[in-house]
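Peer 1: any chance you can model this:
(one chain, ligands or ions: 1)
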Amino acid sequence: MRRDWDDRARRDAFYYIASWRKDWDADSFFRSGEEDYQRLVEPLLAEYGFDPQGTAMLEVGCGAGRMTHCFARYFREVYALDVSLEMLQRAQTLLPSSPNVIWVLEPGPGLSKVASESVDFVFSYLVLQHLPVERLVLDLVREILRVLRKGGMFLFQFNSSPHPSMNWKGRLVWGVIDELWQLGLERLSRALTSAVKLDSAIAGRTWRGASVEAGKVSEVARAAGCSAPHIEGENGPMTWCWGTKSDADGK
Ligand SMILES: C[S@@+](CC[C@H](N)C(=O)[O-])C[C@H]1O[C@@H](n2cnc3c(N)ncnc32)[C@H](O)[C@@H]1O
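Peer 2: Numbers count the residues shown, from 1 in each chain. Predicted structure coming up:
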């Protein structure tokens, strides 16, 4: 995962982070993070009466800091964590120094650098959808609940779509490319991708990650301490899960 994301960061970090657009510049890239914060995070915090001031949060898979600058504005302390050193270096170069952001290079795939019950809010967007197998997705959900303080909130996105997003030809070609990658034949996988004039940076299962049933994610979140996880967008690529970690008396 680290090698693939380092490679993507070197080629074009903005595009591989937010691949719905090609012509990003720093302004538009960071503005899209602001819009996502206002669209995805702010309303939910308000609904739960969660005041970020004075609290610590963790962003899992912060990339080049597209949303990190917003978290830094509202939260007392931001742990911006990523598996890719190249991504973190770009984030640090691009963002004006924020004394309340702590950049965390995580060996992955879990959250080994973050202490249990140490943050009040955990957020992750466009990350779990790239994890290559279901087990890693569910393990990361467990980790998110582990590092959260009792009474703290989480919000993360994952892919639960049962349907492939490509036609049969695309599925066949990417199927062979990904199979080679999974067999450890990564050079061959990339060479084949280039030979058929596809983007070799997205060869392999760290791009087309695993889709996981929403029910399994809820079950894991419940077992890890969230009594009533909410799910939205089930059976789609943009599935959201959020909730709070129950405190000692189960609330
Ligand atoms: C598509 S980018 C999204 C970045 C950011 N969340 C955003 O919305 O701008 C995915 C990021 O997740 C990171 N990543 C991938 N697997 C990870 C893992 N297991 N733990 C932490 N970060 C991971 C990648 O290095 C990359 O920076």
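Peer 1: quick one, helices of the chain?
Peer 2: Taking DSSP state H as the test, the helices found in the chain are 2-17, 26-36, 42-47, 68-74, 85-94, 134-147, 168-182, 186-195, 214-223.
Peer 1: redo the ones you listed as JSON lines? Include distance to Thr244, mean neighbour count and mean pLDDT.
Peer 2: C-beta coordinates here come from the backbone N, C-alpha and C atoms, glycine included. Shown next, in JSON lines, are the helices of the chain (distance: least, C-beta to C-beta, whole Å; neighbours: other C-beta atoms under 10 Å; pLDDT from 0 to 100):
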{"stretch": "helix 2-17", "distance to Thr244": "28", "mean neighbour count": "19", "mean pLDDT": "95"}
{"stretch": "helix 26-36", "distance to Thr244": "21", "mean neighbour count": "15", "mean pLDDT": "97"}
{"stretch": "helix 42-47", "distance to Thr244": "11", "mean neighbour count": "13", "mean pLDDT": "97"}
{"stretch": "helix 68-74", "distance to Thr244": "18", "mean neighbour count": "20", "mean pLDDT": "97"}
{"stretch": "helix 85-94", "distance to Thr244": "28", "mean neighbour count": "18", "mean pLDDT": "97"}
{"stretch": "helix 134-147", "distance to Thr244": "10", "mean neighbour count": "20", "mean pLDDT": "98"}
{"stretch": "helix 168-182", "distance to Thr244": "37", "mean neighbour count": "15", "mean pLDDT": "86"}
{"stretch": "helix 186-195", "distance to Thr244": "41", "mean neighbour count": "15", "mean pLDDT": "89"}
{"stretch": "helix 214-223", "distance to Thr244": "11", "mean neighbour count": "17", "mean pLDDT": "97"}
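Peer 1: would you turn the ones you listed into TSV with distance to Gly233?
Peer 2: TSV is the format used below for these (distance: least, C-beta to C-beta, whole Å):
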stretch	distance to Gly233
helix 2-17	20
helix 26-36	15
helix 42-47	14
helix 68-74	22
helix 85-94	26
helix 134-147	15
helix 168-182	23
helix 186-195	30
helix 214-223	8
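Peer 1: so which of these gets nearest Ser161?
Peer 2: Nearest of the helices of the chain to Ser161, taken as C-beta to C-beta: helix 214-223 at 10.2 Å.
Peer 1: what angle sits between that closest one and helix 134-147?
Peer 2: Taking axes from the mean of the first three to the mean of the last three C-alpha atoms, to 10 degrees, one finds helix 214-223 and helix 134-147 inclined to each other by 30 degrees.
Peer 1: coming back round to it: reformat the helices of the chain as JSON lines; add distance to the ligand.
Peer 2: Output for those, formatted as JSON lines (distance: least, C-beta to the nearest ligand atom, whole Å):
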{"stretch": "helix 2-17", "distance to the ligand": "3"}
{"stretch": "helix 26-36", "distance to the ligand": "6"}
{"stretch": "helix 42-47", "distance to the ligand": "16"}
{"stretch": "helix 68-74", "distance to the ligand": "8"}
{"stretch": "helix 85-94", "distance to the ligand": "4"}
{"stretch": "helix 134-147", "distance to the ligand": "6"}
{"stretch": "helix 168-182", "distance to the ligand": "15"}
{"stretch": "helix 186-195", "distance to the ligand": "17"}
{"stretch": "helix 214-223", "distance to the ligand": "16"}
